[in-house]
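1. can you look at this prediction? I've put the sequence above it.
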Amino acid sequence: MSVAQILAFPGRISAKGTVATITNAVLTAGGFPLSKMSGPLAATSAGPGASVVVTATKAAALLLMFGGQLFEKIIVTPRVSNLEFVLSSTTFPVEVWNTHHDASESLTAIAITGQGGLTVTNPFTFPLVIGPKGSVIFEVAVPSAGDVAIAEDIDFVFTGISGTDLRVTGSRILVFSVAPDWAEGIEETISYLTDVMKMYDDSEQRRGLRTLSRRGLKFRALTLTARNAAGLESLIWGWQHQPFCVPFWQEAQPLTAPVSAGQFSVEVNTVDRLFAVGGVAIIWTDEFTFEALTVAAIEPGSLSFTAPTQSAWAAGAFVVPGFLARMPKKLSVGRNWSGSDQLDVAFEGEAQQIGPLPAAALTQFKSFDVLEVPPNWVNGLKREYDRTMDTLDPGPGPLTVIDHSGVPVVDHELPWWIDTHAKITAFRAFVLARYGQLNPFWCPTWDQDLVLNEDASSGAAFLVISFVNYARFFFPTIARRYLALISRTGAPNAYVEVTGAVNNGNGTETLTLGAPLGAAAPAATTMVSFLTFGRQSADVVTIKWESTEYAETALGIQELPQEIPS
């Protein structure tokens, strides 16, 4: 730097070249600022036309602007690539850009380390000379087979230059693409894990040990051609020890419009279906024709993906949500004939994977949900009474019984036949909100536990029932002070609290209510059931699908007589 310029300073140099004081000068060279002085600078001149000599006691500093951050280096784009779920062979481009203004740089090698089986397509020979401001695009190939976890570094090697690497991560799984035999139905399981600690008086302390549900599917996979049978057995042979991406076949919906390769969205009904952002959607036509994509966004009539479709698809091809699941270690494959296999398989879902949480509007009573689905009485209902008590038998003397809580713990199982997918979605939502045995709820027994002796009008403050020793045995226990008035005409259920009970001595009993009735309860069309407060009796719930719109299920309920809300 031989010549300096002084810009925008207060002060002057006289025409005769006499000494003047200059303050707050900015010293620049070649258009780049070098430093800014905060004190006065002395400047002298030998006369008109002579050079100005500036003396400063502070050294100048070079401040880089945008060009200094971008140029004179090698830039790899992208630097990080998260492939998420790798379910089919795919490729993506990587650009290597030489941003030097004047210098060429030589790429001497491409080094790949880690696991994943990735390869880089390189049509050039080494060393590859990349000219100033030139770039080269490579293709990174990701095969469908290989390690489950993908974690690889691709380093584009330049002598003396660092920071030219690409980090690739993802998870590789395989779609179990064999269709189910709907004649056998499909069993779906929703499971949690709860630690239940019982006290002396049957009160409980519960802890949920899973924050996400585990899903499972059990069905018969059936093949009817030799190729499909061979494909089924190859999946078992090569991938039984690894997680599969299993289609939720009961959620399948057809494409409503054709799809061309390279699209990021498809038109399909997603209402009441288990698609989830971050989850997997599979486009499927047969065992060997499918592709899987990660869901980026969900609308009522469409799905968007994080990557484009690799193939073209006709309208009518199925779109199915998928989940990660594993086969058991032992399987039995039936050979119907030389071209047909059948496999009864139960897939167990992987832990901590994304699971959709369908929403449903639930009735609440005293701030807890009410399960209002009437049961299927085809095989009858059953209750089990379990009273915690100790019996002391001294032998020759009388027995002594110690009743721990004063009330039995009642278990009852309610079976259901659920029609329409929307109702099944609502039931799923209820089960998922329970977190297994963790969260309690209200449920009518759906039995005629008490019989109305006379009609109750709207606004009535009491009910008159036929004598059943309610005042003597039921009323003293708070667990039997809540009733469900269920109309046989289809009117909404009414839930009431009994605050007093009297035996009238004439074959009837009068029950005082905590609040007036909001609607009339005719004796001929009203069933009075106990409104029980309880939890699921197990952490696993099974739904047996007969088709995509009909299912059977049962829920075991254990009452919690010591936890009745006040």
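-> Perfect, I can see it now.

2. domain assignment for this protein?
-> Per automatic domain parsing, the domain ranges recorded for the chain read 5-63, 68-172, 182-349, 364-559.

3. where does pLDDT dip in the chain?
-> For the chain, the stretches with pLDDT under 70 are 1-69, 148, 352-359.

4. rerun that using 50 as the cut-off
-> 1-38, 41, 45 (pLDDT under 50).

5. can you map out the helices along it?
-> Secondary structure of the chain (DSSP state H): helices at 66-70, 226-239, 421-434.

6. related to what we said a few turns ago, mind checking which of the domains of the chain is nearest residue 566?
-> Between residue 566 and the domains of the chain, the shortest gap by CB to CB is with domain 364-559, which sits at 8.1 Å. Any C-beta I mention is one placed from the backbone N, CA and C, and that applies to glycine too.

7. the closest one spans what distance, first to last residue?
-> 17 Å (CA to CA, to the nearest Å).

8. could you do stretch 78-94 as well?
-> 6 Å.

9. go on, stretch 454-464?
-> 6 Å.

10. for stretch 466-485, same thing?
-> End-to-end distance (CA to CA), stretch 466-485: 15 Å.

11. circling back to that earlier point, distance to residue 566 and mean neighbour count for the domains of the chain - can I get that in a markdown table?
-> Below are the domains of the chain laid out as a markdown table (distance: least, CB to CB, whole Å; neighbours: other CB atoms under 10 Å):
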| stretch | distance to residue 566 | mean neighbour count |
| --- | --- | --- |
| domain 5-63 | 71 | 12 |
| domain 68-172 | 48 | 15 |
| domain 182-349 | 15 | 17 |
| domain 364-559 | 8 | 16 |
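
12. please produce JSON lines containing those, extended by distance to residue 565.
-> Formatted as JSON lines, these follow (distance: least, CB to CB, whole Å):
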{"stretch": "domain 5-63", "distance to residue 565": "68"}
{"stretch": "domain 68-172", "distance to residue 565": "44"}
{"stretch": "domain 182-349", "distance to residue 565": "14"}
{"stretch": "domain 364-559", "distance to residue 565": "4"}
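
13. test my guess that residue 104 contacts residue 133.
-> No. Between residue 104 and residue 133 there is no contact under CB atoms under 8 Å: 10.2 Å.

14. shared neighbours of the two, anything?
-> residue 98 (CB atoms under 8 Å, 6 or more residues apart in numbering).

15. and residue 441, bridged to which residues?
-> Counting by DSSP bridges, residue 441 forms beta bridges with residue 534.

16. compare the helices of the chain and give me the one nearest residue 545.
-> So among the helices of the chain, helix 421-434 is nearest, using CB to CB, at 8.2 Å.

17. residues touching the closest one, excluding its own?
-> 190, 192, 213, 272-273, 357-360, 362, 369, 371, 373, 416, 418, 439, 441, 535-536, 541, 543, 548-549, 551, 553, 555.

18. what do you get for stretch 336-348?
-> Residues contacting stretch 336-348 (CB under 8 Å, 6+ apart): 176, 178, 181, 184, 187, 214, 216-226, 228-229, 232-233, 236, 244, 246, 325-328, 331-335.

19. show the end-to-end separation of stretch 119-135, please.
-> Per CA to CA, the first residue of stretch 119-135 is 20 Å away from its last.

20. surely residue 101 touches residue 71?
-> Yes. The criterion here is CB under 8 Å, and residue 101 meets it with residue 71 at 6.0 Å.

21. send the alpha carbons of stretch 278-291 over as PDB?
-> Output in PDB follows, covering the C-alpha atoms of stretch 278-291 (Å, rounded to 0.1, in the frame of the first residue of the first chain):
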ATOM      1  CA  GLY A 278     -42.900 -36.600  10.300                       C
ATOM      2  CA  GLY A 279     -44.400 -40.100   9.800                       C
ATOM      3  CA  VAL A 280     -44.400 -42.300   6.700                       C
ATOM      4  CA  ALA A 281     -47.000 -42.500   3.900                       C
ATOM      5  CA  ILE A 282     -46.700 -45.400   1.400                       C
ATOM      6  CA  ILE A 283     -48.100 -45.200  -2.200                       C
ATOM      7  CA  TRP A 284     -48.900 -48.800  -3.100                       C
ATOM      8  CA  THR A 285     -50.400 -50.900  -6.000                       C
ATOM      9  CA  ASP A 286     -48.900 -54.300  -5.400                       C
ATOM     10  CA  GLU A 287     -46.200 -56.200  -3.500                       C
ATOM     11  CA  PHE A 288     -43.400 -55.000  -5.900                       C
ATOM     12  CA  THR A 289     -44.800 -51.600  -6.900                       C
ATOM     13  CA  PHE A 290     -44.700 -49.000  -4.100                       C
ATOM     14  CA  GLU A 291     -42.700 -46.100  -2.700                       C
END
